[in-house]
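**Q** okay, here's the prediction I keep looking at, along with the sequence it came from:
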Amino acid sequence: MVGATGSPLPFCCLPFTCTRALRQRLYVGNGILAVVAVRPVCSSLSSSTLAQAPIGNDSQLQSFKAWLTQRGVLSNSSSVRPQQVESQGLGLVASGRPIAQGEEVLNVPQELWMSVAAARSHPDIGPFCTNLRPWVTLALFLLFEKGMPSSPWRSYIDILPHTLDSPLFWSDEELAQIEGTQLLGSISGYHQHVYNEYTQLMEDVITPNPQLFDQSMFTREAFLWAFGILRSRTFPPLTGDDLALVPLADLVNHGMVLNMEGPSWEKKSSGFFPRREYLTLRAPVAVKEGEQVVMQYGKKKGNGQLALDYGFVECSPRTTAVRDCFTLTLEISESDRFFGDKIDIAEFNGLSSTVYFDLVHEQELPDNMLPFLRLIALGGADAFLLEALFRNTVWEHLQLPVSRENEEAVCKAVLDGCRFALAAYPTTMDEDLNLLSRGDLSSRLKMAVAIRLGEKKALEELQLSFETRLAELDRLEYYAARRLRGLGLLDDRGDLTPWVFEG
Ligand SMILES: C[S@@+](CC[C@H](N)C(=O)[O-])C[C@H]1O[C@@H](n2cnc3c(N)ncnc32)[C@H](O)[C@@H]1O
C-alpha cells in the first residue's frame with residue numbers, strides 16, 4: 001500500500017500514476033497491507049536557485065520591446081522593463097521608480113495572448129482544434145506560428161528560450177543522476193503522455209494536411225519543446241480552456257523568498273462595447289527601482305516539481321518554502337478480502353482506493369494518512385470495525401491506534417516501503433552533501449543532487465518517525481482500552497475497575 005509515483009499531469013485531466021520503475025507490494029498478514037511505493041519531490045542547499053533560462057539576443061529583445069510599444073503595452077511611463085537577469089534569462093525590472101506592493105505593473109490585452117481561444121478561431125488551424133485538449137491546441141498553434149515568418153507573434157516567439165532546463169530535456173547521462181528518484185518516474189510518465197498526444201496529433205491533423213502544416217516544424221522534439229514552454233510560462237487563472245501564453249507577463253521570474261501563495265496574474269476586463277480582457281500582473285511585494293519584480297510559482301511545489309515545470313530548484317537558506325518532499329502512494333489492494341468495505345469507508349470519507357500523500361520535510365504527517373494506513377491494515381480480530389454498524393463512526397476510531405497488531409502492521413509496511421525506496425538511490429545523503437559543497441557542479445547536476453537529497457530527507461524522516469512509533473507500541477492506547485474507559489470500566493491508570501469482576 002505504500003508506493004512511489006509520478007506527479008499529476010499538466011493542463012489536462014489525464015491522470016497518470018506513475019511509473020517509477022520500482023514498484024513494490026508488501027503483503028502483511030492475510031494480504032491486507034501492500035507496500036507499493038512513494039513519490040518524492042525536493043531538497044534544500046546552501047546557494048541560490050540553480051538553473052539558467054536560455055535567452056533571446058539583444059536585437060530580438062529590442063524588437064520585442066518595439067512590438068509591445070507599438071501595441072501600447074510598454075511606454076516611457078511603464079513601471080517595468082524586460083531585461084536580462086543573471087542566471088534567470090529575461091525578467092521584469094522596476095523602471096524609473098519603485099513599485100508598491102499590490103501595484104499593477106502591466107496589462108496585456110487579450111488580442112496579444114497566444115490562447116486556446118485564438119487558436120480555435122484561427123481561420124486555418126481552428127477547424128482542426130475542435131477535439132484537441134487545450135494544451136495540445138496551444139502547442140499546435142505555437143509551432144504553427146513559429147513556422148510562419150510573418151506571424152503576428154514573431155517578435156514574441158523569437159525571445160522564447162530555445163532550450164529548457166527541465167529534466168524532461170536532459171540527456172540519458174544527466175538523467176542517470178536522478179536514478180532511484182520519484183522524479184525519474186514522473187519524467188517517463190510525462191514523456192509517454194506527451195508522445196502519445198504527439199502521435200495522435202500527427203496522425204489526425206499534421207500528416208493528412210501537408211498543404212497547411214510544415215512537417216519540419218512538427219518533430220517530436222519540437223512538440224516536447226512546446227509542451228515545456230507551456231508548462232513553464234502559463235499560470236493561473238489562465239488554465240484549462242483559458243490556457244494562454246501572455247507576452248511580457250510571462251517574463252516574470254520566480255522569487256524565492258516570497259512568503260505568499262496568491263496569484264500575481266489576474267484577469268481583468270474593461271469597457272462595454274467592446275468589452276476588453278486584460279492579463280494584469282500585480283507586484284506581490286514592494287520593489288525598488290532597478291530591482292526585479294517576481295512572483296511565487298507555487299509555494300507548495302517541491303523541488304522535483306519546480307525542476308520538472310521550470311527547470312530550477314530552490315535552495316536558498318532564506319527561502320520560506322519547504323521544498324524537500326516525497327509523495328507517498330497508498331492503495332487498498334484489490335486482493336484484500338475486505339476491499340469492498342474499505343472502499344466504501346474511504347469514499348464515505350472523501351478518499352478513494354489510491355491516495356497520494358505529500359510528505360514534506362520537517363512537517364507533520366499529512367491529514368488522513370495514519371487513518372488510511374490503519375484502514376488498509378484492518379483485518380483479523382479488528383475486522384468487526386468494518387461492519388455496517390460502524391460505518392458512520394469507523395473513521396473516527398481510525399484516527400487513533402486500533403490494536404497493537406494493526407499499528408504494528410502499519411509501521412512495518414511503512415518501514416519496508418522506506419527501506420525499499422531508499423535502497424534505490426545509488427548515493428547516500430552524505431555523498432550528496434559533499435558533492436553540493438564542492439561548488440563546481442553544473443547547474444543540471446546541482447539540480448539532480450538537490451532533488452535526490454530532498455527525496456531522501458523526506459523518506460528518512462518518515463522512516464525515523466515510524467521506527468519511533470514501532471518502539472512505542474506497548475505504550476499506545478488501543479480501541480479496546482478506549483472503549484472500556486468510555487464505559488467507565490477502566491481507570492485513569494489503565495486498570496480495570498474491580499467491580500467488573502464482581503458480578
Ligand atoms: C515564466 S518564465 C520567466 C521568463 C524567463 N526567465 C525567460 O527568460 O523567458 C519561467 C522560466 O524562467 C526561469 N526562471 C524563473 N525564475 C527563476 C529563478 N528563480 N531561478 C532560475 N531560473 C528562473 C526558468 O527558466 C523558468 O522556466
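**A** Alright, I've got the coordinates. Numbers count the residues shown, from 1 in each chain.
**Q** closest to the centroid, which residue in this structure?
**A** A centroid search over the chain (C-alpha atoms, centre = their mean) returns Q305, at 4.4 Å, as the residue closest to the centre.
**Q** touching, D250 and R231? I think so.
**A** No. With contact taken as C-beta atoms under 8 Å, D250 and R231 are classed as non-touching, separated by 11.8 Å. C-beta coordinates here come from the backbone N, C-alpha and C atoms, glycine included.
**Q** those two: which is more packed in?
**A** A count of neighbours by other C-beta atoms under 10 Å puts D250 above the other of D250 and R231, at 25 against 20.
**Q** state the helix or strand in which the residue nearest to the centre of the chain lies.
**A** Secondary-structure assignment from DSSP states H and E places Q305 in helix 303-310.
**Q** touching, the residue nearest to the centre of the chain and K299? I think so.
**A** No. Using C-beta under 8 Å as the test, Q305 is too far from K299 to be in contact (11.5 Å).
**Q** endpoints of stretch 368-382, how far apart?
**A** Counting by C-alpha to C-alpha, to the nearest Å, you get 19 Å between the two ends of stretch 368-382.
**Q** quick one: list the elements packing against the helix or strand hosting Q83.
**A** For Q83, the enclosing helix or strand under DSSP H and E is strand 80-85. Strand 80-85 is packed against helix 58-70, strand 89-94, with contacts defined by 3 or more C-beta pairs under 8 Å, 6 or more residues apart in numbering; DSSP states H and E.
**Q** which one of these lies closest to L132?
**A** Distances from L132 to each of those were compared using C-beta to C-beta; the shortest belongs to helix 58-70, at 27.8 Å.
**Q** what sits up against that closest one?
**A** With contact meaning C-beta atoms under 8 Å, 6 or more residues apart in numbering, helix 58-70 is reached by 56, 74-75, 81-84, 90, 155-156, 158-159, 247-248.
**Q** now it: buried residues?
**A** Using 16 or more other C-beta atoms under 10 Å as the burial criterion, the residues of helix 58-70 that qualify are 60-61, 63-65, 67-68.
**Q** could you export these as a markdown table, including pLDDT and distance to P401?
**A** Written out in a markdown table, the entries for the buried residues of helix 58-70 read as follows (pLDDT from 0 to 100; distance: C-beta to C-beta, whole Å):
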| residue | pLDDT | distance to P401 |
| --- | --- | --- |
| Q60 | 96 | 63 |
| L61 | 97 | 62 |
| S63 | 97 | 67 |
| F64 | 98 | 61 |
| K65 | 98 | 64 |
| W67 | 98 | 64 |
| L68 | 98 | 62 |
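**Q** any chance of these in JSON lines with distance to F326 as columns?
**A** As requested, these are arranged in JSON lines below (distance: C-beta to C-beta, whole Å):
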{"residue": "Q60", "distance to F326": "41"}
{"residue": "L61", "distance to F326": "40"}
{"residue": "S63", "distance to F326": "45"}
{"residue": "F64", "distance to F326": "40"}
{"residue": "K65", "distance to F326": "43"}
{"residue": "W67", "distance to F326": "44"}
{"residue": "L68", "distance to F326": "42"}
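**Q** closest one of those residues to L106?
**A** Ranking these by separation from L106, with C-beta to C-beta as the measure, puts L68 on top at 9.1 Å.
**Q** follow-up on the earlier one: can you tell which of the helices and strands packed on strand 80-85 is closest to the ligand?
**A** Of all the helices and strands packed on strand 80-85, the one in closest proximity to the ligand, counting by C-beta to the nearest ligand atom, is strand 89-94 (2.5 Å).
**Q** following element in sequence after the closest one, please.
**A** Toward the C-terminus, strand 89-94 is succeeded by strand 104-109 as the next helix or strand (DSSP H and E).
**Q** list the contacts of that following strand.
**A** Residues outside strand 104-109 that contact it (C-beta under 8 Å, 6+ apart) are 71, 73-74, 78-80, 92, 94, 99, 246-249, 268, 276-283, 293.
**Q** buried only: go through those residues for me.
**A** For the contacts of strand 104-109, a neighbour count by 16+ other C-beta under 10 Å gives the buried set as 73-74, 78-80, 92, 94, 99, 246-249, 277-279, 281-283, 293.
**Q** which is the succeeding secondary structure element to the strand or helix carrying T199?
**A** Here T199 is covered by helix 182-201, with elements defined by DSSP H and E. For helix 182-201, the succeeding helix or strand toward the C-terminus, using DSSP H and E, is helix 220-233.
**Q** how close does L435 sit to P167?
**A** L435 sits 17 Å away from P167 when distances are taken as C-beta to C-beta, to the nearest Å.
**Q** how about low-confidence regions in the stretch 401-503 of the chain?
**A** 487-503 (pLDDT under 70).
**Q** typed the wrong thing, it's the chain
**A** Using pLDDT under 70 as the threshold, the predicted model of the chain has low-confidence ranges 1-56, 316-321, 487-503.
**Q** strands along that one, start to end?
**A** Taking DSSP state E to define them, one finds strands in the chain at 2-4, 37-40, 80-85, 89-94, 104-109, 114-115, 244-245, 253-254, 265-270, 276-282, 292-295, 325-331, 354-360.
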